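Trainee: need the 3D shape of this:
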Amino acid sequence: MTEVTKNPEPAYSGGNIRDLEEIQRTLKDRLILVGQNLIDFRDQTEDDILELKKEIEALKKSTEKVIDFIETLSGEFNKFAKREDLEILSKQAKMFQPMNFATKQDLKNLASSIDTTVSNEKGSG
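Mentor: Residues are numbered from 1 along each chain as shown. Sure, this is the predicted structure:
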């Protein structure tokens, strides 16, 4: 027949229970530490994301300013004289030669000189 052996010690002795409790406390502490690290990591990530959003917004504003400047500049290009136009104006200025024109004083001197010559011719003639 079968013999049934009785184990006088319970399945969990006092030492085993204390060991299990210690293991449970260690696991609990580790879990709390992992949770705290996860929370810290999340907070740091949120701060990094917020900083990146601010930088992106600043870049958008800078880009808008550059685009506005380029649009203004391209609009102003139409107002600049073209090289051909400047060459035409230069040729016209050379033909005009304002420095060769007589001043009013020159004309007065010429008129008085002519009057003197005419009166001298009348007097001698």
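Trainee: how about low-confidence regions in the chain?
Mentor: 1-14, 97-102, 124-125 (pLDDT under 70).
Trainee: tell me which helix or strand comes right after the helix or strand containing Val34.
Mentor: Counting by DSSP states H and E, the element that carries Val34 is helix 14-77. Per DSSP H and E, the first helix or strand lying C-terminal to helix 14-77 is helix 83-96.
Trainee: now for that following helix, which elements pack on it?
Mentor: Packing partners of helix 83-96 (3 or more Cβ pairs under 8 Å, 6 or more residues apart in numbering; DSSP states H and E): none among the helices and strands. Heads up, the C-betas are built off the backbone N, CA and C, glycines and all.
Trainee: how far away from the center of its chain is the helix or strand that that helix is followed by?
Mentor: The element immediately downstream of helix 83-96 (helix or strand, assigned by DSSP H and E) is helix 104-124. How far helix 104-124 lies from its chain's middle: 73 Å, per Cα atoms, centre = their mean, to the nearest Å.
Trainee: for helix 104-124, name the packing helices and strands.
Mentor: On a contact count with 3+ Cβ pairs under 8 Å, 6+ apart, helix 104-124 meets no helix or strand.
Trainee: offset the numbering so it begins at 467, please.
Mentor: Sure thing, new numbering starts at 467, so read that last one as helix 570-590.
Trainee: counting neighbours, what do you get for Lys557?
Mentor: 10 (other Cβ atoms under 10 Å).
Trainee: distance of it relative to Ala547?
Mentor: As for Lys557, its distance to Ala547 is 14 Å (criterion: Cβ to Cβ, to the nearest Å).
Trainee: Ile498 now?
Mentor: Counting by Cβ to Cβ, the gap from Ile498 to Ala547 is 77 Å.
Trainee: for Ile554, same thing?
Mentor: 10 Å.
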